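**Student:** make a model of this:
(chains A and B)
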Amino acid sequence: MKKVLVIAGLTASGKTSLSIDWAKKFNGEIINGDSQQVYRGLDIGTAKISKDEMENVPHHLIDILDYSERFHVKAFQELCREKINDITKRGLLPILVGGTGLYLKAALYDYQFEEETDQAEEYLDQSTEDLYQELLRLDPISCEKIHANNRVRIVRALNMAKQGQLKSARIASQKQEALYDVFWCVLAPNKEQIDQRIEQRVDMMFEVGLKKEVEKFFSEKECRKYQSFQAIGYKEWAPYFELNVDLATIKEKIVIHTRQFAKRQKTWFKNQLPSRFVDSLNNEDLDQVYQEVSQWLQGD
RNA sequence: GGGGGGGUAGCGAAGUGGCUAAACGCGGUUGACUGUAACUCAAUUCUCUCCGAGUUCGGCGGUUCGAAUCCGCCCCCCCCCA
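**Tutor:** Here you go, the predicted model:
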């Protein structure tokens, strides 16, 4: 079984620096596992690693899309698996680094997606309640897992049901197994430290020109419907352009959204994966995991 | 000094005699998550010995069967005039 080392974790937990360190020590290459860092030009707001910081360690799946393009799990799954094969073939260790739990899991587990067209527009004029009723007819099992208010998920399941396979049936056909020999590290410092680091990071983003970056891509109203504009650090700027809201307020919003995001990530990793939580701001714990990873690499 | 507006749960803000422990939003907490996932959604958020009880709506006192809501005095904040 191919080995894949995963460095997942909360935003601002220190994934980037650890990944460079380990890539060198374990002779690996890095695959980005972050839904927003795939976009070219969105650098500051996504806290993307810079060329310098890479220290010549090869990075994959960064800057592969224009900010106007759409991206989704299926695409990530395919690209990521290709990279894993490629890196493994060259005798190196693939290190998957990122905070998008679903993407990581979908790439490494036996999740299956199929060719499918997006038909979201079809549902636009229908109420969420109606859509839920329809889904109740077509795929009642999925309804058990999707809340009646969760329009996004309902539309998704409906779309699948109408194009052939039921979402519930597809999930049932999977074994919930990893396709690789995976070591899951989840970097999760304690809350006080994460909150503090988030605040510092956002301050830094403003200092190094986040505003310019956002203006470059999103000052045109049209651009704000792009998926990339969903990213924290970007979407908060709409009131600045439209209502002249001051920068301090924008910044505060970004900090709050980032904190909330970190919490969601933590919940997700805690309950979706058999992962090794790492207090990445604690050197003892880091040494400890380092040993564990080394041992894991030696086994077959 | 005169005139006006205002003080409601962590914050913002409704409520102007009973249906109000008090709408709603934000923030907090917990959780869900298989093609938007940095998304989307849910539960919970005065206190407790928590299926019931106890304290709340600047403070004190009063009217009333009953008050955040009415009356009196006091304290604080904002605006205008002087």
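**Student:** rest of the way, CA atoms for contacts and neighbours
**Tutor:** Noted.
**Student:** how about residue A:142: what's its closest non-neighbour residue?
**Tutor:** Distances taken as C-alpha to C-alpha, 6 or more residues apart in numbering put residue A:168 closest to residue A:142, at 5.2 Å, once the chain neighbours are dropped.
**Student:** next up, the contacts around that neighbour.
**Tutor:** A:139, A:141, A:142 (C-alpha atoms under 8 Å, 6 or more residues apart in numbering).
**Student:** hmm, 10 Å instead?
**Tutor:** Residues in contact with residue A:168 (C-alpha atoms under 10 Å, 6 or more residues apart in numbering) are A:139, A:140, A:141, A:142, A:143, A:144, A:145, A:157, A:160, A:161.
**Student:** quick one, what contacts the last one?
**Tutor:** So the one you mean is residue A:161. Taking C-alpha under 10 Å, 6+ apart, one finds A:135, A:138, A:139, A:155, A:167, A:168, A:169 in contact with residue A:161.
**Student:** what about the third one, neighbour count?
**Tutor:** So that's residue A:139. If you count neighbours by other C-alpha atoms under 10 Å, residue A:139 ends up with 21.
**Student:** my guess is it contacts residue A:167. True?
**Tutor:** Yes - between residue A:139 and residue A:167 there is a contact under C-alpha atoms under 10 Å: 7.7 Å.
**Student:** which residue packs closest to whatever residue of the stretch 151-300 of chain A ends up closest to RNA strand B, ignoring adjacent ones?
**Tutor:** Per C-alpha to the nearest atom of the strand, residue A:231 is where the stretch 151-300 of chain A lies closest to RNA strand B, at 3.2 Å. Ranked by C-alpha to C-alpha, 6+ apart and with sequence neighbours excluded, the top spatial neighbour of residue A:231 is residue A:36, at 6.7 Å.
**Student:** in a strand, the one you found, correct?
**Tutor:** No - assignment of residue A:36 by DSSP: H, G, I helix; E, B strand; the rest coil gives coil, placing it outside any strand.
**Student:** which per-residue confidence value corresponds to residue A:243?
**Tutor:** Residue A:243 carries a pLDDT value of 83.
**Student:** on that earlier part again, dump the contacts of residue A:161 into CSV; add secondary structure as well.
**Tutor:** Listed next are the contacts of residue A:161 as CSV, based on three-state DSSP:
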residue, secondary structure
A:135, helix
A:138, helix
A:139, coil
A:155, helix
A:167, helix
A:168, helix
A:169, helix
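**Student:** what does the stretch 51-200 of chain A have sitting close to RNA strand B?
**Tutor:** A:71-74, A:99-103, A:106, A:111-118, A:120, A:145-153, A:155-156, A:167, A:171-172, A:174, A:176 (C-alpha under 7 Å from any atom of the strand).
**Student:** now which of those residues would you call buried?
**Tutor:** The neighbour-count test (16 or more other C-alpha atoms under 10 Å) marks A:71, A:73-74, A:99-103, A:106, A:111, A:146, A:148, A:151, A:153, A:155, A:167 as buried among these.
**Student:** which ones among the residues of the stretch 51-200 of chain A next to RNA strand B lie within helices?
**Tutor:** Residues of those located in helices (DSSP state H): A:73-74, A:101-103, A:106, A:145, A:151-153, A:155-156, A:167, A:171-172.
**Student:** quick check: longest helix of chain A.
**Tutor:** For chain A, the helix reaching the highest residue count under DSSP H is reported as helix A:247-272.
**Student:** which strands and helices sit next to that helix?
**Tutor:** Under the contact criterion of 3 or more C-alpha pairs under 10 Å, 6 or more residues apart in numbering; DSSP states H and E, helix A:247-272 touches strand A:3-9, helix A:101-108, strand A:181-187, helix A:191-207, helix A:238-243, strand A:276-278.
**Student:** tell me which of those sits most buried.
**Tutor:** Mean neighbour counts were compared across those using mean count of other C-alpha atoms under 10 Å; the top stretch is strand A:3-9, at a mean of 25.
**Student:** relative to helix A:247-272, how tilted is it?
**Tutor:** Angle, strand A:3-9 to helix A:247-272, by axes from the mean of the first three to the mean of the last three C-alpha atoms, to 10 degrees: 140 degrees.
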